[in-house]
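> Here's my sequence, what's the structure:
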Amino acid sequence: MPTELYKDLKETLAGKGAAQAIDSLCESLRENKDYTNLFYALLLKKRHELGVSPVPTGASADLPPEMHEPYEDAIRQAGRRVGQLYLDEGNIAGAWAFYRMLGETAPVNQAIDQFQPVEGEDCQSVIEIAYHQGVHPRRGFDMILERYGICSAITMLGGQEFPHGPEVRDYCVKKLVRALHRELMERLKAEITRTQGFAPTGKNVRELIDGRDWLFGEDFYHIDVSHLSAVVQMATQLSTSEELELARELCAYGEKLSPRFQYNSDPPFENQYRDYGIYLGILAGDDVEAGLDHFRAKAEEADPENVGTYPAEVLVNLLLRLDRTHEALAVSRKYLAHAEEGRLACPTLVELCQRTGDYETLADVAREQNNPVHYLAGLIAARKG
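Below is the predicted model:
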């Protein structure tokens, strides 16, 4: 701030009074873009108008009760004014400090939606607000993918419990699938053009790799295979969509890779890309019964002592995705009745009985497990049904 401001404020206070001095201070702070101090100056203005101490010596709740509402309204107005000034300057982080205090996300959400970082601009603070603080997680994820690449985006999705809900996760997985598929298409076309001397006409991955086994030599791969593995697994959460079909193409590519580039996976996905491809095909409605038979066989063959019950859990979840709840209950009844419920990756037998209204099955299993509480509960629920 210019040093003469202090002299001017003192003279204005002496000659024109406190109200005029405060207005002069606010105007000077706004002109010098000192918006944080402007916020406190606006509160000083309100405190002067209310006739209380200009120096806040405690929380606003310490003011007389009749002053709470007007002072809190002044805080909101000052916060919005200063927040908007920061947004007008393109300072999203500065604005968020005030809108967050007010619990208002819409102005910052809109600013992030329109934010386009220039080359070399540090946008980490905007990503922090958009994605990690949940103001605009979709745009935040877009920036992570655009600025830091597929690896960072995968880490962001897979490293912890997702905090933004299933719709946002679906959006993020779709963006990842598209990004990796686009990268694969570009590199396959470049490799084919370089080798054959002309650009291929294939419109998708399957068409590009069909009849070109030379693309898959012992040491050949065209995208990071750890990225491929992670994205294909994430794609199992997708519903019918264009991105689901793109993920199936990624599986078709992965199946042709040398075994040394196909990671070992736990059953029922031990033949990684073939098994995930069949799973995604079921979700896409392609040869559903044959696909289900594939996973039924894996559940049947799994040795609980060595493999555990995960193949059966996958089958239960798959049947639920297809809205075949009674079949899911039958699978759970057959393979998971004695499993430790807290460790299951699918709904428990009790939950499935509730979903289907089949409490007689619950009573039968409870009797086998020597659980009289569940047994009687199942009998009573069956009578009520």
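
> Every contact and neighbour count from this point should use C-alpha atoms.
Will do.

> From K16, how far out is Y6?
As judged by C-alpha to C-alpha, to the nearest Å, Y6 and K16 stand 15 Å apart.

> just the helices in the stretch 251-385 of the chain please.
272-283, 288-301, 310-321, 325-335, 349-356, 359-368, 372-384 (DSSP state H, counting those that start in this stretch).

> Quick one: closest of those helices to A97.
helix 310-321 (42.0 Å; C-alpha to C-alpha).

> buried ones in the closest one?
310-320 (16 or more other C-alpha atoms under 10 Å).

> and if you look at stretch 264-282?
Buried-residue list, stretch 264-282, by 16+ other C-alpha under 10 Å: 267-269, 271-282.

> Over to stretch 211-221?
Buried residues in stretch 211-221 (16+ other C-alpha under 10 Å): 215-216, 221.

> and which of the residues you listed is nearest to S241?
Y221 (26.6 Å).

> List the contacts of the nearest residue to that closest one once chain neighbours are set aside.
If the residues on either side of it in the chain are set aside, Y221 comes closest to L257, at 7.0 Å by C-alpha to C-alpha, 6 or more residues apart in numbering. Applying C-alpha atoms under 8 Å, 6 or more residues apart in numbering to L257 gives the contacts 216, 220-221.

> and the gap between L257 and T309?
Where T309 is concerned, L257 sits at a distance of 29 Å (C-alpha to C-alpha).

> Where does pLDDT dip in the stretch 101-250 of the chain?
By pLDDT under 70, the weakly predicted segments of the stretch 101-250 of the chain are 159-160.

> Go again with 80.
159-161, 218 (pLDDT under 80).

> what's stretch 73-87 in contact with?
By C-alpha under 8 Å, 6+ apart, stretch 73-87 touches 35-36, 38-39, 42-43, 46, 92, 94-99, 102, 108, 111.

> Give the rounded mean pLDDT of that stretch.
Averaged across stretch 73-87, pLDDT comes to 97.

> buried residues in that stretch?
74-87.

> so which two of those residues are the farthest from each other?
Applying C-alpha to C-alpha across those, the maximum distance is between A74 and L87, 19.7 Å.

> where's the most centrally placed residue in the chain, which helix or strand?
In the chain, the C-alpha nearest the mean C-alpha coordinate belongs to R169, at 3.8 Å (C-alpha atoms, centre = their mean). Following DSSP states H and E, one finds R169 within helix 166-196.

> could you say what helices and strands that helix packs with?
helix 137-158, helix 205-209, helix 225-234, helix 242-256 (3 or more C-alpha pairs under 8 Å, 6 or more residues apart in numbering; DSSP states H and E).

> What is the burial count for the closest residue to R206 other than its chain neighbours?
Spatially, and ignoring its direct neighbours in sequence, R206 is nearest to E249 (6.3 Å; C-alpha to C-alpha, 6+ apart). Other residues near E249 come to 19 when the count uses other C-alpha atoms under 10 Å.

> pretty sure E249 is touching L208, no?
No - E249 lies out of contact with L208 (C-alpha atoms under 8 Å); the separation is 10.6 Å.

> ok so, going back, how about the contacts of L257 in CSV, adding secondary structure and distance to R147?
Listed next are the contacts of L257 as CSV, based on DSSP: H, G, I helix; E, B strand; the rest coil; distance: C-alpha to C-alpha, whole Å:
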residue, secondary structure, distance to R147
F216, helix, 30
F220, coil, 27
Y221, coil, 24
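
> and of these, the nearest to R178?
Y221 (18.4 Å).

> Now do the phi/psi pair for that closest one.
Note on Y221: its backbone torsions stand at phi -150, psi 160 [degrees, to the nearest 10].

> Check the gap between it and A312 for me.
The value you get for Y221 to A312, if C-alpha to C-alpha is used, is 33 Å.

> Please apply the same query to T361.
18 Å.

> okay, now the domains of the protein?
Domains of the chain are assigned by automatic domain parsing as 4-114, 165-285.

> Start and end of the longest one, how far apart?
By C-alpha to C-alpha, the extent of domain 165-285 from end to end equals 25 Å.

> chain center to that domain: distance?
22 Å (C-alpha atoms, centre = their mean, to the nearest Å).

> just the first one next, same as before
Using C-alpha atoms, centre = their mean, we find the averaged C-alpha position of domain 4-114 to lie 35 Å away from the chain's own average C-alpha position.

> any weak-confidence spans in the stretch 251-385 of the chain?
264, 341-342, 366, 369, 384-385.

> Next, count neighbours for A345.
Residues near A345, counting by other C-alpha under 10 Å: 14.

> Now do the phi/psi pair for N264.
According to degrees, to the nearest 10, N264 has phi -70, psi 130.

> residues in contact with it?
Here N264 is in contact with 270-272 (criterion: C-alpha under 8 Å, 6+ apart).

> Repeat that for V108.
Contacts of V108 by C-alpha under 8 Å, 6+ apart are 87, 92, 95-96, 99, 135.

> Export those as a markdown table, with columns for distance to K384 and secondary structure.
Below are the contacts of V108 laid out as a markdown table (distance: C-alpha to C-alpha, whole Å; DSSP: H, G, I helix; E, B strand; the rest coil):
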| residue | distance to K384 | secondary structure |
| --- | --- | --- |
| L87 | 60 | helix |
| I92 | 57 | helix |
| A95 | 57 | helix |
| W96 | 54 | helix |
| Y99 | 52 | helix |
| V135 | 46 | coil |
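
> mind putting the residues you listed in TSV, distance to R367 included?
Formatted as TSV, the contacts of V108 follow (distance: C-alpha to C-alpha, whole Å):
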residue	distance to R367
L87	65
I92	61
A95	62
W96	58
Y99	58
V135	51
